[in-house]
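Asker: Model the structure of this input:
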Amino acid sequence: MDELTNIFNRYMGIVDKVASFIPYKKVKTWRDFFFNPAEVSSKSKDEGILPIVIDYYVMGFLNFVISLLSMIAPIIVSTILTAGFGIIEGVVLFALMLGFFLISPILSLLYAVLEFIIAKILGGKASFSKHLFASFMPVLSTFIILLPLNLLSILLNWLTFIPAIGLACSCITLPISIVMSLVYLYSMYLKYSAFKEVHKVSSGRAILIVVIPFIIVLAALIIVYILFLASIFALISQGSAISSLFNK
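Answerer: I've put the predicted structure just below:
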């Protein structure tokens, strides 16, 4: 147990070192939230919606840069193997990532609105700006905690294209992915703790504020997917029917 504690403390030292290179003063708040979500949420000033949205765009920009760095090696290899077509692939991926960077905060804001509606139905007392802080901060905090692992993943992604060490690098990425998945799951607890604090609700209601919007969005996506498949099958069936008429 002591050894795990030492490893964790050393890792947090790396997190702090990496975070110190980011010229954005609120990064420390992101880090502190990971360990004390209720306390940080309680002490946070109600600065309105814009500051936390700016925080989200800052995090999104950093993620965008990380994704670009991760793309470099695969695109170079693809360009060499496909006589230049990898560049086209890279341009398409860049456009998709840029679009995601621009729209992601907007989608997250809409999701926070849904959470806020559920919170108010369940008796939540926070203002929307305080709720938005509690909703966005788990994403920001997990990002800063996982930043060293994301940077390590970029290096490993580049090294996988070197035949001699590629397999070993691929094996290392598996435990890293597991750790990152566990941290993302922990972010649900962070959101629960923050909602419980800012809305002044019971544990059960705080859980519902987290879970119900997720279920609603998941159900909506499943319905849209089913309708999309149904429309595709309908078009195929219609095309087959028209084709059979012409054949007659």
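
Asker: and the helix or strand hosting residue 59, what does it pack onto?
Answerer: Take DSSP states H and E as the rule and residue 59 turns out to sit in helix 49-81. Helix 49-81 sits against helix 85-121, helix 128-159, with contacts defined as 3 or more C-beta pairs under 8 Å, 6 or more residues apart in numbering; DSSP states H and E. C-beta coordinates here come from the backbone N, C-alpha and C atoms, glycine included.

Asker: Figure out which of the ones you listed is closest to residue 205.
Answerer: Ranking the helices and strands packed on helix 49-81 by proximity to residue 205 (C-beta to C-beta) places helix 85-121 first, at 8.3 Å.

Asker: which other helices and strands contact that closest one?
Answerer: In terms of contacts (3+ C-beta pairs under 8 Å, 6+ apart), helix 85-121 is packed against helix 49-81, helix 128-159, helix 163-199, helix 203-247.

Asker: and residue 11, which of the ones you listed is closest to it?
Answerer: Comparing these by C-beta to C-beta, helix 128-159 comes nearest, at 7.1 Å.

Asker: And that closest one, what's buried?
Answerer: Neighbour-count burial for helix 128-159 flags 128-150, 153-154, 156-159 (criterion: 16 or more other C-beta atoms under 10 Å).

Asker: just to revisit the earlier point, with distance to residue 235 and mean pLDDT added, can I get the helices and strands packed on helix 49-81 in a markdown table?
Answerer: A markdown table is the format used below for the helices and strands packed on helix 49-81 (distance: least, C-beta to C-beta, whole Å; pLDDT from 0 to 100):
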| stretch | distance to residue 235 | mean pLDDT |
| --- | --- | --- |
| helix 85-121 | 25 | 86 |
| helix 128-159 | 38 | 92 |
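
Asker: could I get those as JSON lines with distance to residue 221?
Answerer: Listed next are these as JSON lines, based on distance: least, C-beta to C-beta, whole Å:
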{"stretch": "helix 85-121", "distance to residue 221": "12"}
{"stretch": "helix 128-159", "distance to residue 221": "19"}
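
Asker: for the ones you listed, which one sits closest to residue 185?
Answerer: Using C-beta to C-beta and comparing the helices and strands packed on helix 49-81, the one that lies nearest residue 185 is helix 128-159, at 9.8 Å.

Asker: what angle sits between that closest one and helix 163-199?
Answerer: Put simply, helix 128-159 runs at 170 degrees to helix 163-199, going by axes from the mean of the first three to the mean of the last three C-alpha atoms, to 10 degrees.

Asker: looking at the protein, which helix or strand does the model trust least?
Answerer: Least confident helix or strand of the chain, by mean pLDDT, DSSP states H and E, is helix 49-81 with a mean of 83.

Asker: Residue 23 in helix, strand or coil?
Answerer: What DSSP: H, G, I helix; E, B strand; the rest coil gives for residue 23 is coil.

Asker: Quick check: it vs residue 62, distance?
Answerer: Distance of residue 23 to residue 62, given as C-beta to C-beta, to the nearest Å: 11 Å.

Asker: So for these two, which sits in the more crowded spot?
Answerer: residue 62 (17 against 6; other C-beta atoms under 10 Å).

Asker: wait, that one sits on residue 22?
Answerer: Yes. The criterion here is C-beta atoms under 8 Å, and residue 62 meets it with residue 22 at 7.2 Å.

Asker: so who does the residue most central in space within the chain touch?
Answerer: In the chain, the C-alpha nearest the mean C-alpha coordinate belongs to residue 139, at 6.5 Å (C-alpha atoms, centre = their mean). Applying C-beta atoms under 8 Å, 6 or more residues apart in numbering to residue 139 gives the contacts 56, 59, 108, 187.
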